[in-house]
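**Student:** Predicted model, plus sequence, below.
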Amino acid sequence: MHQFAITPLGSETLTGSAFQFTNSALWMLIVLGAILLFMWGGMKRQLVPGRWQASVEAITGFVDNITRANIGAEGRKYLPWVLTAFLFILFSNWIGAMPFGIVPAAHPFTVTSQFSITGVLSITSFAIVLVVGFWKHGLHFFTLFVPKDTPFVLKLLIAPIEFVSFMVRPFSLGLRPFVAMFAGHILLDVFGNFVVQGLNSHSVLGYGISGLCFVFVVGVNALELLVGAIQAYVFALLTALYINDAVNLH
Amino acid sequence: MTDLASAQVIGAGLAAIGVGAAASGVGTVFGSFLQGALRNPAAADGQQGRLFIGFAAAELLGLMAFAVAMIILYAR
């Protein structure tokens, strides 16, 4: 599908140099610019916060609350990464849902609709878990797979299950935001096509279906904004939970 | 359509059943949360993190079904 295609800007094909400035890179820079603008506008440190500062403080306070509730007093140390991942996923989900397509020749792109992006985010989270776990506990980190005070027979059963569930984490963590965006945009694409095809049919039934689909698309768009926020929240929450496993070992 | 292509479409359609099953799972998560929350509204806000962990676990299986459907549909 056209909206998921990654194309280099300037030239037509992916041949030539190994490093090319693609539309994905461009939209990542746009997301970064939006985050910078948003955070910069709210860092004036006024005693009585204005609207902008209040909204920035609401988001940072929200993520700070996630890390403190799930990791404990030490959670402060991991706030930078959790907040970074949360803001990046939230902004790229929402910027991808904005109707930039009405500008002629604009080619909007949702950064998080590619598994390579969300996969790198989840691998970074997983790497933090491994590094922190082995740094703090050494080889005792492996006791994560064996719950304390379990009968020996059950340990044999539980250890492999815990191991598999631990190794699946980076995969599932990255798959979730990717599929949510991918499936949502396919749904919008399909029903947007129905609107156009209904209008082209020049029949009363076609116009009726077109109108129904239009209402549906508006509703799904609103749902997409909600899903984008929920996925960012879930990513931050699960990252905090996994880091908690590494810090506190059950 | 060749046999392989039609088998792929049927397989992807069967894999999509899992998405519907995940829908009932997500409904159960939120429904049960609401049942508990309405009985003790004071404790509801503290359990929101667990609500979303349950939601994420239930939703993940539906997303897996979607990924399997895509792999079946476009694998050659």
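**Tutor:** Done, it's in.
**Student:** Chain A against chain B: which residues are in contact?
**Tutor:** Residues of chain A found near chain B (C-beta under 8 Å from any C-beta of the partner chain) are A:66, A:69-70, A:172, A:175-176, A:179-180, A:183, A:230, A:233-234, A:237-238, A:241. (Glycine included, C-beta is placed from N, CA and C.)
**Student:** Show me just the buried residues among those.
**Tutor:** Buried residues within the residues of chain A next to chain B, defined by neighbour count using 16 or more other C-beta atoms under 10 Å in any protein chain shown: A:66, A:70, A:172, A:175-176, A:179-180, A:183, A:230, A:233-234, A:237-238, A:241.
**Student:** now these in CSV, with pLDDT and secondary structure?
**Tutor:** As requested, these are exported to CSV (pLDDT from 0 to 100; DSSP: H, G, I helix; E, B strand; the rest coil):
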residue, pLDDT, secondary structure
A:Ile66, 91, helix
A:Asn70, 88, helix
A:Ser172, 90, helix
A:Leu175, 90, helix
A:Arg176, 91, helix
A:Val179, 90, helix
A:Ala180, 89, helix
A:Ala183, 88, helix
A:Ile230, 92, helix
A:Tyr233, 93, helix
A:Val234, 93, helix
A:Leu237, 93, helix
A:Leu238, 93, helix
A:Leu241, 92, helix
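**Student:** among those, which two are most distant?
**Tutor:** Spatial extent of these (C-beta to C-beta) is set by the pair A:Asn70 and A:Ala183 at 27.7 Å.
**Student:** and the most centrally placed residue in chain A, what pLDDT?
**Tutor:** In chain A, the residue lying closest to the centroid (C-alpha atoms, centre = their mean) is A:Ile89, at 3.5 Å. Looking at A:Ile89, its pLDDT stands at 95.
**Student:** Wasn't it part of a helix?
**Tutor:** Yes. Under DSSP: H, G, I helix; E, B strand; the rest coil, A:Ile89 sits within a helix.
**Student:** how much space between the closest residue to chain B within chain A and A:Phe109?
**Tutor:** Residue of chain A nearest chain B, by C-beta to the nearest C-beta: A:Val179 (4.2 Å). The gap separating A:Val179 from A:Phe109 is 17 Å, by C-beta to C-beta, to the nearest Å.
**Student:** Where does pLDDT dip in the chain?
**Tutor:** Went with chain A since none was named. A:10-18, A:250 (pLDDT under 70).
**Student:** I was after chain B.
**Tutor:** Within chain B, the ranges that satisfy pLDDT under 70 run B:1, B:76.
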